[in-house]
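Participant: build me a model:
(one chain, ligands or ions: 1)
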Amino acid sequence: MHIRSVLMAVVLVLLLSALTSCTGRTESEPTEVFRVGVFVPGVVEGSPTYELLTEGVQRAANEKAGDNADSPAVTVKVVEGGFNQALWEQGLTSMAASEEYDLIVSSNPEIPDIVDSITQSFPTQQFLIMDAHRADNPSVHTVMFNQREQAFLAGYFAGLVGTSDMSDREGPVRVGLLVGQEYPIMNNVILPGYEFGVRAVDPDASVDFRVLGNWYDAGRAAELADSMYATGSDVILTIAGGGSQGVIATARDREKYVIWYDTNGLDQAPGVVIGSTYIALDQAAYERTLAAIEGKLLYGEAEVLGVADGYVGFVQDDQLYRRHVSEAVREAQAEIVARMQNGDFYLEMPLN
Ligand code: RBF
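Facilitator: Predicted coordinates:
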């Protein structure tokens, strides 16, 4: 009996030490780990900005991991908040309440309002929010991209296509914008910026603006696109997450065009997606996450990055662009891009 209980004790001690070595932690060792949580307000797949977000954060973590022995290990956990926006506050709150993250990173213009209420209860939790603007919360760093410039570039290109021999349309240019949902930056900045760009080419142009009502329904998006092309649009700018695949499908059937937003979408459907704006959200997320890990990120600061900063642009250096877009259109587009890059032509991003 006695020997058996000694043996049991030995087995227990061995088991326990095996367990602690599995977790790699003992009481005495400091845990040099910087823990990043990424809250995706939606799902990553099919949403250009969220793909850029997770790539950028992961790149910062990978780079730090291979850095030197003194730098902390970095862990990244991605939490998808899903399409039910009523659940986002709960999701973000539980991430903050868990105290599992040194930094929570997220992205979209509605996130600061949610985070403001969370930092009241959890003032030490720090946030990096991309594609958003909030200057007065000392726990939050935001990075906004100049959506007026980005939308203008898409509109200008749409106008050029509509007035070129790529379109067989007579009369004033007509183009479409299909979006997942309405929100202040969409209605007050992106739509007017797109219209401004189209009308810079043809003052009589009209823009057909349609709202899908969600960020995933490709079937419904295909129907909307069909009606847009049927009523005279040659080209549709689509900002609709997974829904954008429906726009591509209809454009292919009808031999019409699509413009992509946020990431280079030319290879999604060569010859159908003929133009693409981009934002370097991945690069900005990478840089700001690295700064946070190094303790250098300025909380309470709100950045706005545009074309002249190199963070917003129009994809030109791509063989698909050269192959499927006429030289006259490419030349005119290159001219406006260059003017924006060198600060000759600047559109200020209106902020609330
Ligand atoms: N864009 C997507 O691609 N997928 C989404 O699921 C998505 N959800 C959004 C939810 C809200 C409440 C808002 C305001 C925007 C959302 N966007 C989404 C748009 C995205 O954040 C960005 O503003 C646009 O891609 C334009 O850059």
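Participant: please tell me I have it right and F39 contacts V79.
Facilitator: Yes - assessed by CB atoms under 8 Å, F39 is found in contact with V79 at 5.3 Å. Any C-beta I mention is one placed from the backbone N, CA and C, and that applies to glycine too.
Participant: give the residues shared as contacts by these two.
Facilitator: Jointly contacting F39 and V79 under the rule CB atoms under 8 Å, 6 or more residues apart in numbering are 91, 95.
Participant: in three-state terms, label D136 for me.
Facilitator: In terms of secondary structure, D136 is coil; the call rests on DSSP: H, G, I helix; E, B strand; the rest coil.
Participant: which ones are touching it?
Facilitator: Contacts of D136 were listed using CB under 8 Å, 6+ apart, and they are G300.
Participant: check it and give its pLDDT.
Facilitator: Note for D136: predicted pLDDT of 94.
Participant: and F39 and V79? Which one has more around it.
Facilitator: F39 (25 against 16; other CB atoms under 10 Å).
Participant: nearest residue to the more buried one in space, please, no chain neighbours.
Facilitator: Closest residue to F39 apart from its sequence neighbours, by CB to CB, 6 or more residues apart in numbering: S106 at 4.4 Å.
Participant: repeat that for G91.
Facilitator: G81 (4.7 Å).
Participant: what count of nearby residues applies to that neighbour?
Facilitator: Here the number of neighbours of G81 (other CB under 10 Å) works out to 21.
Participant: distance of it relative to N214?
Facilitator: Distance from G81 to N214, counting by CB to CB, to the nearest Å: 14 Å.
Participant: likewise for E80?
Facilitator: 15 Å.
Participant: now the strands for this structure?
Facilitator: 33-40, 73-80, 103-107, 126-130, 140-145, 174-179, 206-211, 235-239, 257-260, 273-279, 302-305, 312-314 (DSSP state E).
Participant: who does the fifth one pair up with?
Facilitator: According to DSSP bridges, strand 140-145 has the following sheet partners: strand 126-130 (parallel), strand 302-305 (parallel).
Participant: kindly report the same for the last one.
Facilitator: According to DSSP bridges, the neighbouring strands of strand 312-314, each with its direction, are strand 273-279 (antiparallel).
Participant: got the contact list for the strand it pairs with?
Facilitator: Residues contacting strand 273-279 (CB under 8 Å, 6+ apart): 49, 52, 131, 145, 150-151, 153-154, 157-158, 161, 166, 235, 248, 257-267, 311-315, 321, 324-325, 333.
Participant: domain map for this protein?
Facilitator: 33-145+282-305, 147-278+316-341 (automatic domain parsing).
Participant: quick one, which of the ones you listed is packed in tightest?
Facilitator: domain 147-278+316-341 (a mean of 20; mean count of other CB atoms under 10 Å).
Participant: now find how far off-centre that one is within its chain.
Facilitator: 18 Å (CA atoms, centre = their mean, to the nearest Å).
Participant: and that domain, average pLDDT?
Facilitator: Domain 147-278+316-341 shows a mean pLDDT of 98.
Participant: what does the chain put close to the ligand?
Facilitator: With the criterion set to CB under 6 Å from any ligand atom, the chain comes near the ligand through 41-42, 47-49, 85, 108-110, 131, 180, 183, 215, 239, 241, 261-262.
Participant: just these: which are in helices?
Facilitator: 48-49 (DSSP state H).
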